[in-house]
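1. Can you look at this prediction? I've put the sequence above it.
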Amino acid sequence: MEENYLDPDSEYETAITPRPAVQVRQRLVRPPMSRRMVAWLQSQWQLQNFWLLAALVLAAVAHCWNMFAYPYLENDEGLYAAQANSVFNEGKLTPYTYWYDHPPVGWMQLGMWLRLTGLMTFGNAVNSGRVFIAILYVISCYFMFKLVVQFSQKWLGETSSLRYFTGFAAVAVLSLSPLSQFFQRQVLLDNIMVMWVMAAFYILFVRYPKEHNLLELYGSGVALSIGILSKEIAIVYVPVMLWMVWWVADRHHRRFAVLGWLAVVTSLVSVWFLYAMLKGEFLPSGSGVISQHVSIINTLEFQAGRGTGLPFWKPGSDFLSNWDTNWATLDKFTPIVGLISLSASLVLGLIFKRLRVLLVPVLPALVYAAFLLRGGIVLYYYILPMLPWMAMSIALLGSVLLSPLAHIRRPALRKVIAVGAALMVVLTIGELALWQADSYYGNKLLTGDQTYGQRQAREYVLNNVPNDAFIVADDFFYLDLRQPVEASKAKPETQIYMKVDTDPEIGQQKLHGDWRNIDYMLVTLQQMQKDIQQRDLPILNEAYQHSRVIKSFPSREGWELQLRQIEPLEIVGKSFPTGQVLRPGENFQVQLALTPVRDNHLSNLNMLLELRRNGEKVGQDVVKVPQLTPGSTQNVDFKWTLPANLPPGDYQINIGAFDQTWQNGYMWKVLSETLNVQN
Amino acid sequence: MLSLVVVFTSLFLIGQAALSLYLSLYTWLTPARGQRTKSPTEFELPQLTFTALLPCRHEEKVIRHTINKVARMNYPADKFEILIVCSYDDTETIDEAYLGALDNPGHNIRVITFNDGPINKPHGLNVALAQSNKQVITIFDAEDDVHPDIFNVVNTVMLRERVRVVQCGVQLMNFTSHWYAIHNVLEYYFWFKSRLHFHAEVGMIPLGGNTVFMNRRLLNEIGGWDENCLTEDADIGVRLSARGEPIRVVYDHLHATREETPDTLGSFIKQRTRWHQGFIQVLRKGEWKQLPTRGQRLLAFYTLVYPLVQGVFTLLWPFSLLLMLFAKMSVPVAMFSYAALYLMGFSLLFSVMALMEFCKNYGLKLPLIIYLKAALGFMPFQMVLGISALRAVWRTFAGQNNWEKTHHKGAHRPALSEAADGGMSLPFEGTN
């Protein structure tokens, strides 16, 4: 038994003095704001931030300079802008039926931007989108810089300032490549996706290792998921990133890291399918081409089946033709050097443990390359997500080669070398890239104007086409014509031409399946012809066949932007003095049986007869047409006497129709014949 | 209107599920946290002296074994004493306890009896406290499997970190015994390994019923245990926290005290009902309102009110599922209502991962069928917890504050048979 006389607490209490329960918070006297600002700036004035700033400024300038004028406004850009606008202003995912072509999160982000800044703040809707994309580009350059700085520390050492230069070089390679700038300026979902993928890598490799916080690791999963939900193709990165998560994760929670990360990505991506399920649009509704409703499964099948199906090395495959016609003409330097660098990095990263991080850009590039080379559809901008990996790889490999420099002890010398090398890189890449682009496009990235015609067309249509006209147009006109700054000029019946046949709401409900209800077309002719050839677009095709050009606008080489009008009248019968020889002063008669093809533009209709010789007008006559009603045929007679002093020869007789809008120069040619006049 | 109901219900469920997930993962979030919660790897020289209290009631079958186990601690025999606490009429246990004392000559082992009421654990503990002589008081339950180094661990932690209260890990082991055992075991795992550390960080801990170490002078200062409380352990934790006393939590699978789940679903529900009821008592006593910071009061309120909330959730879940499946809602609202279900899935996933880690740590085999069992039993287990919560609320309002006993089979210790639960209460929660 323990003796009681021993004080049980003697030694114990000396050993243990409990800390105060509540720590008294000290109030610090804070220096004034200005002093704190200066102090903050001083603390930020490090070499890293200098290079970072330089990189971001370079990225922003190279990206934004001339970005409204070059390249041309692409249809997809207008489509995404329209959908973005629809999310926040109409509460719908798209202005048309959403058919699961892509997950909607990409244009939801754009929609937030448009909502914040206004639709037409930058001239037109696509321009607003381009500003948004430019901001995203600068952000993803920030991520890339940080990633490269972090990785290159493995062989350059933590103190070496060459790391920052490496980061700068990566951003420079990407920003000065005409190939990447061309696509990166456009409002494409891929650009939004790239930013989120970069964010995911940044969080995983730069943020997470600081504390090894599991929540941050899951954050990278969230970022990748937003990337996937912006453009579904980012899903190819899931397996590689999963491996990277396993690789980077601390032993303490590796199992939670890997499986949890996968669960985060899976569940967030599944929300898209959940949406389809809740809408009852998951499974196809039935067999056949026209189903009762859209279905996510149908669309995925359709998307997977697109393309020529030729293996990538065969001439005519999507990949090779894009290489020949689009990519190689813009920039051979980045893809070729990038490919060499990726291959070298793969080998080096597998052999040397110290260089393992070289694999970080290689692995996603590999899986993405596998996607490009799969033999399916490759659109012209699909190269885009590949380029950041290439730029990163080029910079990292370059810094491996430069790493002996890091061991030079004299800091001044190191700085001189770093700045010199930076200048060299910028000049070389810039010169090479711009020069080669120059040889094809005359360096138009920074000076050319490809959107001039599109801007002209927009102004022209806003000012000259009646507001109630049903216009089918290129996608990028959709918002510009419907919601222009001057609301009085809005053309609320503007539709995207593709939707005339693909969206039953437009084709069946609005147009009643009849091309005659279309008034105007504002289209890039070659693109529409290609679409008509490749896809089944009967209504659009009919309308196109019955239309005539009113005005052409300049476009990029080999392309033509046209305003066309659908002819209001169809000639069902005619009698004309064909083959008859006429003399001056003689009478002749033309009879036309007309059927209106539309129910508008029918009042106050006049017919005009022109006599032209060698293109020069020598006489005319106007006949008022009685009120036409749709579905009935109306006869119009011209009785006309040839002028007595008419010189003999071949004459052109043109007969056209016009209505009250005539003063604006609209006239539809109905008939054109040759007339032989002899003495 | 319906949408509004759904949104609010879902918000409630989502908030609770997210918070619960965060608490479950708390220790796993960073390696630094994992490191902090572990036992020290090197021990200080034995300096502090310990009194181990063994409160018993009809534990004649296990008490001798337990005494032997505790007596053979890796700690100098003159630096600890063992007090077996019994009601005077429990003669079988008293006899066995004396035999246990005789087994270990040279150890300071005493049997303390009491003949006044109430005959419950806190009263016994208070009686024994008055008779104890050492610096640090600890409690072991009669059927506990205590690690022989536990005094060394606590000695080291108390000396190094200058804390007066240390809660060491307790772990249920028999996850293959019953369908509900898997999730019960995981509750303990998450509770001691993760969530309790969050409580320690905030400074508001409902302590466990055993393997908790407290300075004797401190215990005397606060007047010992509350004899009218069904969960005197949680109550004392709240009171210590209210004084601002720092409490250290140590969970290392190497040194955790091993226990077992109740042997029938009925006794499981009774045990859980008692805990829930005890929490409601602590809540009504209101000492938590004296906690120093708002964050602590909030955590205390959330923890103590949980039995009530869990009852509500139990009723809400089926309702919410029905709405999800059958009600016509706008798509965004419907999607929102699914978020709670997603979080539920996460919770199940993390449970399974924790189970894998648990088995790896304790060197147990994890049969494949357990994954299926865990998945199938997940929702029913939540319902059982909810039913217990509803029972507790019911009993509270019916004024039934007596002790429903839990029976143990000794499944983690094959040589033992039935013994009684000395009782330890944890404010366990499922994810609902």
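-> Received, thanks.
2. For chain B, see how far away residue A:37 is.
-> From residue A:37 across to chain B, the span is 32 Å (C-beta to the nearest C-beta, to the nearest Å). Glycine gets a C-beta too; all of them are placed from N, C-alpha and C.
3. residues from the stretch 301-432 of chain B in reach of chain A?
-> B:331, B:334, B:335, B:338, B:342, B:345, B:346, B:349, B:350, B:353, B:356, B:357 (C-beta under 8 Å from any C-beta of the partner chain).
4. can you count the residues close to the last one?
-> For residue B:357, the tally of surrounding residues (other C-beta atoms under 10 Å in any protein chain shown) stands at 17.
5. Which parts of the stretch 351-500 of chain A are helices?
-> A:359-372, A:386-402, A:411-441, A:444-447, A:452-464, A:478-482, A:499-502 (DSSP state H, counting those that start in this stretch).
6. check contacts around residue 300.
-> Since no chain was named, I'll use chain A. residue A:100 (C-beta atoms under 8 Å, 6 or more residues apart in numbering or on different chains).
7. hm, I was asking about chain B
-> If you count contacts by C-beta under 8 Å, 6+ apart, residue B:300 has them with B:204, B:238, B:241, B:288, B:291.
8. what about 7 Å?
-> Counting by C-beta atoms under 7 Å, 6 or more residues apart in numbering or on different chains, residue B:300 touches B:204, B:238, B:288, B:291.
9. most surrounded residue in these?
-> Each of the contacts of residue B:300 was scored for neighbours by other C-beta under 10 Å, and residue B:204 scores highest at 28 neighbours.
10. Helices of the stretch 301-432 of chain B, start to end?
-> Under DSSP H, counting those that start in this stretch, the stretch 301-432 of chain B gives helices at B:331-361, B:369-398.
11. Any buried residues in the first one, and which?
-> I take that to be helix B:331-361. When neighbours are counted by 16 or more other C-beta atoms under 10 Å in any protein chain shown, the buried residues of helix B:331-361 are found to be B:333-355, B:357-359.
12. same check, this time on the last one
-> Within helix B:369-398, the residues that count as buried by 16+ other C-beta under 10 Å are B:370, B:373-374, B:377-379, B:381-382, B:384-393, B:395-396.
13. Could I get the helices of the stretch 351-500 of chain A in a markdown table, plus columns for mean pLDDT, mean neighbour count and distance to residue B:101?
-> Listed next are these as a markdown table, based on pLDDT from 0 to 100; neighbours: other C-beta atoms under 10 Å in any protein chain shown; distance: least, C-beta to C-beta, whole Å:
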| stretch | mean pLDDT | mean neighbour count | distance to residue B:101 |
| --- | --- | --- | --- |
| helix A:359-372 | 95 | 20 | 66 |
| helix A:386-402 | 92 | 25 | 72 |
| helix A:411-441 | 67 | 15 | 76 |
| helix A:444-447 | 78 | 18 | 93 |
| helix A:452-464 | 92 | 18 | 98 |
| helix A:478-482 | 93 | 26 | 90 |
| helix A:499-502 | 89 | 21 | 90 |
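14. Same list (the ones you listed) but as a markdown table, adding distance to residue A:313.
-> Formatted as a markdown table, the helices of the stretch 351-500 of chain A follow (distance: least, C-beta to C-beta, whole Å):
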| stretch | distance to residue A:313 |
| --- | --- |
| helix A:359-372 | 12 |
| helix A:386-402 | 18 |
| helix A:411-441 | 24 |
| helix A:444-447 | 30 |
| helix A:452-464 | 36 |
| helix A:478-482 | 39 |
| helix A:499-502 | 33 |
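15. Now residue A:546: phi and psi?
-> Per-residue torsions, residue A:546: phi -100, psi 20 (degrees, to the nearest 10).
16. if I pick it, what's in contact with it?
-> A:515, A:566, A:567, A:597.
17. Looking at those, which are in helices?
-> Judged by DSSP state H, the contacts of residue A:546 include no members of helices.
18. Right, I'll call it a day here.
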